[in-house]
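*Asks:* Sequence and predicted model, in that order:
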Amino acid sequence: MREQDGDNTEKVSPGDVVGKAIELIPGKGTYLAADSAGNKLIYASLTGCLTLSPHSQDKVKKVMAKMASADIMCVGSKSVREKFTGIIRQQDVRATEIDKVDMHASFRAGDIVRAVVLSLGDARAYYLSTAKNELGVVSAESTAGETMIPISWTEMQCPITGQIEQRKVAKVGN
């Protein structure tokens, strides 16, 4: 049962719908599942207070050799009203072994990515970074059309086919 305190803190219990997966990123104490209509929702798995992270959520549009472009969908918990473009440059994907980053093994078109805004970039796009452990791909769809499950910080797996794909996966929880 969701309830709201006087200070705008929202309490949730196991099974409560936290939000839509397209709008929020599942975090510690939550899980992702489809409802009876097939909508991907985030549910609470623990009793506690709901907190939202101040990162941007971006949808990857195109991956190139040295960068990936993304549409910025929300900043923190707020959806953006107009379209903003972000660029994740090869040097901003991870903190170590920057010269060995393979953009095509880090992101794919359609991936939902948690990133931080580094700077305004150029006139066309903001520069984004996924260089921290908690940043990176948070949701990806397999070729079978299923939401993949992270199995390591560099791999996600289709729950139906078992196919493993490379990604720069965002660490969730501890």
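*Replies:* Thanks, I have it.
*Asks:* And what about the most centrally placed residue in the chain, helix, strand or coil?
*Replies:* Centroid check for the chain by C-alpha atoms, centre = their mean gives Val138 as the closest residue, at 3.2 Å. Recorded secondary structure, Val138: strand (DSSP: H, G, I helix; E, B strand; the rest coil).
*Asks:* Would you check that it makes contact with Arg167?
*Replies:* No: here Val138 lies out of contact with Arg167, judged by C-beta atoms under 8 Å, at a distance of 9.9 Å. C-beta here means a position set from N, CA and C on the backbone, and glycine is covered the same way.
*Asks:* Not counting its own residues, what contacts the longest strand belonging to the chain?
*Replies:* Counting by DSSP state E, the longest strand found in the chain is strand 78-89. For strand 78-89, the external contacting residues (C-beta atoms under 8 Å, 6 or more residues apart in numbering) are 23, 56, 58, 66-74, 107, 113, 115, 117, 121, 124-130.
*Asks:* Those residues in strands, which ones?
*Replies:* Per DSSP E, the contacts of strand 78-89 map to strands at 56, 58, 67-74, 113, 115, 117, 126-129.
*Asks:* The protein - how does it break down into domains?
*Replies:* The chain is divided into the following domains under automatic domain parsing: 3-50, 53-174.
*Asks:* Okay, now the unreliable bits of the chain?
*Replies:* 1-9, 22-28, 51-54, 173-174 (pLDDT under 70).
*Asks:* okay, the angle between the longest strand of the chain and strand 67-75?
*Replies:* Put simply, strand 78-89 runs at 160 degrees to strand 67-75, going by axes from the mean of the first three to the mean of the last three C-alpha atoms, to 10 degrees.
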